[in-house]
Each structure stands twice: as structure tokens, then as C-alpha cells.
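[1] What shape does this take:
(one chain, ligands or ions: 1)
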Amino acid sequence: MIHILVVEDEPSLCQLLLNNLGYEGYSVETAGDGVPALAAHAARRADLIVLDLMLPQLDGFEVLRLLREGKDDVPVLLLTARGEEVDRLKGLSLGADDYLVKPFSVLELIARVKAILRRTRPVDRPPLLRSGPFRFDLPRLEARRDGKPLELTPREFRLLEILITHAGRTHSRKELLQLAWEPDARPSARTVDVHIANLRKKLGEEQGKPWITTVGGEGYRWITPVETEPGPPPVSS
Ligand code: CA
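    Predicted coordinates:
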């Protein structure tokens, strides 16, 4: 299981990252400052570190510098404040793999995490998923029906990804809002319904029934069984 260390001193953001990365199937540990972060990484080596630059005592630059000085090449995704281009350049020159500027969307963070892991752990490339007439290549954000690509927006793809990777499980609108929208967006539950309706149109129907099932007043689920098949060989860089 891929292990991610989140180093962030803002408790609400830390919790949000913990929830969302955990939901993606990663094992996640958090630390609120540089020293406990290095201790956690020494105790259990992370496959990727999400590292906030501004920390109370030992800041992100120092953590990154200590890691690289110790010849530790663990992939690092930096979180930087808005407009601090100097910080980003410094972080990259110190050996960070990528950076995100706050405030960022959770979707963006997950996409960056996946991209870094794909580069650094190509053998872990997830398999393709098949369900009914559909075939999904999650890392490439591709969905096909009977071989024909579906034109989905990133949000629609994210909703679909949540449903198919947890087939059979009902997701409430609130859950979908938390998983597929950024925390400061605060859309209403109705927004979820609108996006699901658009997604259903694009997926088409099966004998007059939508592929995404409405579960009473509870929410939505994907009931068609999902199978995996080996993915294509990793793209060499
Ligand atoms: Ca901070």
C-alpha cells in the first residue's frame, strides 16, 4: 500500500487531505511540523510527502533540505502560499518534485499526487477497469463506451471514478460534494444532482435505465460489477 505523509500545521486542511487521500486508497499519516514529520518518515518511510512550506518551527524548506542532504529522494509535493514565486523556485531548486499554490482544489492535489506516483512508481500503474460496455483508464481520465471515448468534464469523471471504484456502495450527495468538490466551493446538494444528470446523459441507458442508480432519498450508486484488466505498459519518460 502506498504510504503518504502529509505535513501541514493547519488542522482543517490536514484533516481534509487525510480524508481524501485515505479515500483514494492510500495509507496516510500526518504531522504538524518539520521535526515530527522527519521522525515519522524515519519510522515509516513515506512513498510521497505532501509538504507545507510554512510550518511553526522547522519549515518545509529545511525539511526538504535535510531530506536531500541525507540522500533521501522521496518524492515531495510542496504546498506554497499564493504569489510566492520565489518560494516555489527555491523549493524546486532544493529538489521538490512539484508544488501547489494555496488555496488549491482537492481534485488538483489528488491529480498531482497521482502524477508524481506514476512517474516515481510506474510499476504501480493501476489496471484498466471494465464495467458493462464501459472501459475506464483512471490515470488518463479516459472513459469509453463500446470503444468510443466519452467526452466528460473533469468533475463528471471524478464523480464517475468515485462511483465505479466503490461499485455497489451508495454515496450520499453530501459525500459526493466532499469528495468531488473543493472545500470552499460549497455548492448545494442540487449541484450534485445536476452533474449526475449530465453524466447519465453521456453514459446512455441500459434498457431504459440509467447506469447510475438513484437510491431512494439517500444518494447514488453504480451497481454493475467492475472488473480489472492489466493496464498498458508504463510510458517511459
Ligand atoms: Ca502552514
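[2] residues near the closest residue to W222 other than its chain neighbours, how many?
    Using C-beta to C-beta, 6 or more residues apart in numbering and skipping the chain neighbours, the partner closest in space to W222 is L163 (4.0 Å). Glycine gets a C-beta too; all of them are placed from N, C-alpha and C. Applying other C-beta atoms under 10 Å, we find 26 residues neighbouring L163.
[3] gap between L163 and A197?
    Distance, L163 to A197, using C-beta to C-beta, to the nearest Å: 14 Å.
[4] Assumed the residue nearest to W222 was part of a strand.
    No - per DSSP: H, G, I helix; E, B strand; the rest coil, L163 lies outside any strand segment and is helix.
[5] Verify the stated contact: it with T214.
    No - using C-beta atoms under 8 Å, L163 makes no contact with T214, being 11.9 Å away.
[6] follow-up on the earlier one: wait, what's in contact with the residue nearest to W222?
    L163 makes contacts with H171, I212, Y220, R221, W222, as judged by C-beta atoms under 8 Å, 6 or more residues apart in numbering.
[7] Test of understanding: give the bridge partners of the first one.
    According to DSSP bridges, the residues that bridge with H171 are Y220.
[8] Please parse the protein into its domains.
    Following automatic domain parsing, one gets these domains for the chain: 3-120, 128-228.
[9] nearest to the ion, of these?
    Using C-beta to the ion as the measure, domain 3-120 is the one of those that comes nearest the ion, at 3.9 Å.
[10] just how off-centre is that closest one within its chain?
    Centre-to-centre, domain 3-120 and its host chain are 14 Å apart (C-alpha atoms, centre = their mean, to the nearest Å).
[11] Between its first and last residues, what's the separation in it?
    One end of domain 3-120 sits 13 Å from the other (C-alpha to C-alpha, to the nearest Å).
[12] and the two most separated of the contacts of L163?
    H171 and I212 (10.0 Å; C-beta to C-beta).
[13] residues from the chain in reach of the ion?
    Proximity of the chain to the ion is confined to D9, D52, M54 under the rule C-beta under 5 Å from the ion.
[14] Contacts only, for A96.
    L51, L64, V76, L77, L78.
[15] Likewise for L64?
    L51, V76, L78, G91, L94, G95, A96.
[16] quick one: what helix or strand has the fourth one in it?
    For G91, the enclosing helix or strand under DSSP states H and E is helix 85-93.
[17] Which helix or strand lies directly C-terminal to that helix?
    Counting by DSSP H and E, the next helix or strand C-terminal to helix 85-93 is strand 98-101.
[18] Please name the strands paired to that next one in the sheet, noting orientation.
    strand 76-80 (parallel).
[19] quick one: low-confidence ranges for this protein?
    Low-confidence segments of the chain (pLDDT under 70): 122-127, 230-237.
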